[in-house]
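[1] show me the folded form of this:
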Amino acid sequence: MNKRSVVNYALASLGLMLTGCNGGILDPKGQIGMDEKSLIIIATVLMLLVVVPVIILTLYFAWKYRDGRDHEIYAPKWAHSNKIEAVVWTIPIVIIIVLGVITWRSTQSLDPYKPLEGKGEHLTVQVVSLNWKWLFIYPEQGIASVNELVFPANVPVEYKITSESTMNSFFIPQLGSQIYSMAGMETQLHLIANEPGTFNGFSANYSGAGFSGMKFKAIATKDKADFDNWVADVKANGDALTADRYAQLAEPSEYHPVEYFGSVEQGLFHTIVMKYMQGHGEMNYYAKPEHAAHSHHGKAEE
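    Residues are numbered from 1 along each chain as shown. Sure, this is the predicted structure:
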């Protein structure tokens, strides 16, 4: 293989690796994603300040003191050097301090529960992870969709997230943070898309047989007018999402098609969050037959 072939092969390999960045966390389309990308790069560079010199010095000393280098100084009783001690302690300490400051600041600024300041009023979307699909409820618009999330570009979105049963992780890589969805709990996430487009979303936590098909499209419309048109279309053509219809939707299904609901039963999201909390405040909770069995079972295990 000649020199030109080696160069062409290296360039092709580099290009192939870089194509993997498209659509992922290294190709952000929202402010949170951009901030997180910068954090990843800074942290990586700081760590490479230690890793790269160590690799270079390892190779250098292996070459310098290889067998046959008889002219090198042999000092079997050498044990200490103030200069070396200063270097090997000072550099890591400085790096750790810098990483600590960056971590503290980014933890505060990228808190997923923190609304995005200076971006205007937030759109609220209630997210429910089901086996194996995603339900998106728009409480202000009174509509819902399955496996399709739509919002205007340049408008911050507040996600309130829960799960019907199995724990999942709500993740749109190009927009930013992932956060877990858990039954009986409500987690929150605030994201924004800085430009129109269609982004891939999925669950980043294994949740069973249909996990691989638990994906959705996150669509950022050009402006609020386009979003309002989408809402009007869903209202006109979507079905009604009642408690009974939700119970059917909650049944496990794989590679579930996109669905739209033009109306949503009032308080449905709250009901989903609280479904495992019903009755726990009652004095006679464990006196009920359906709960007494669980209580005795727990005592038997102890």
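[2] name the single longest helix found in the protein.
    helix 31-64 (DSSP state H).
[3] tell me how far it lies from the chain's centre.
    Between the centre of helix 31-64 and the centre of its chain there are 24 Å (Cα atoms, centre = their mean, to the nearest Å).
[4] which elements pack onto it?
    The helices and strands touching helix 31-64, judged by 3 or more Cβ pairs under 8 Å, 6 or more residues apart in numbering; DSSP states H and E, are helix 82-109. C-beta coordinates here come from the backbone N, C-alpha and C atoms, glycine included.
[5] related to what we said a few turns ago, for the longest helix of the chain, give the mean pLDDT please.
    Averaged over helix 31-64, pLDDT sits at 91.
[6] show the pLDDT at residue 25.
    pLDDT recorded at residue 25 is 89.
[7] that one and residue 33 touch, don't they?
    Yes: counting by Cβ atoms under 8 Å, residue 33 is a contact partner of residue 25 at 6.8 Å.
[8] those two: who's more crowded?
    Neighbours around residue 25 and residue 33, counted as other Cβ atoms under 10 Å, are more numerous at residue 33. The numbers are 25 against 17.
[9] so how far is residue 27 from that one?
    Computed as Cβ to Cβ, to the nearest Å, the residue 33 to residue 27 distance reads 8 Å.
[10] do residue 90 as well
    Distance, residue 90 to residue 27, by Cβ to Cβ: 37 Å.
[11] can you point out the buried residues in the strand or helix carrying residue 228?
    Here residue 228 is covered by helix 224-237, with elements defined by DSSP states H and E. For helix 224-237, a neighbour-count test (16 or more other Cβ atoms under 10 Å) marks 226-227, 230-231, 234 as buried.
[12] so which elements touch the next helix or strand after that helix?
    Sequence-wise, the next helix or strand downstream of helix 224-237 (DSSP H and E) is strand 239-241. The helices and strands touching strand 239-241, judged by 3+ Cβ pairs under 8 Å, 6+ apart, are strand 259-264.
[13] is it true that residue 256 touches residue 135?
    No: here residue 256 does not reach residue 135: they are 9.9 Å apart, not a contact under Cβ under 8 Å.
[14] what sits in contact with each of those two?
    Both residue 256 and residue 135 are in contact with residue 146, where contact means Cβ atoms under 8 Å, 6 or more residues apart in numbering.
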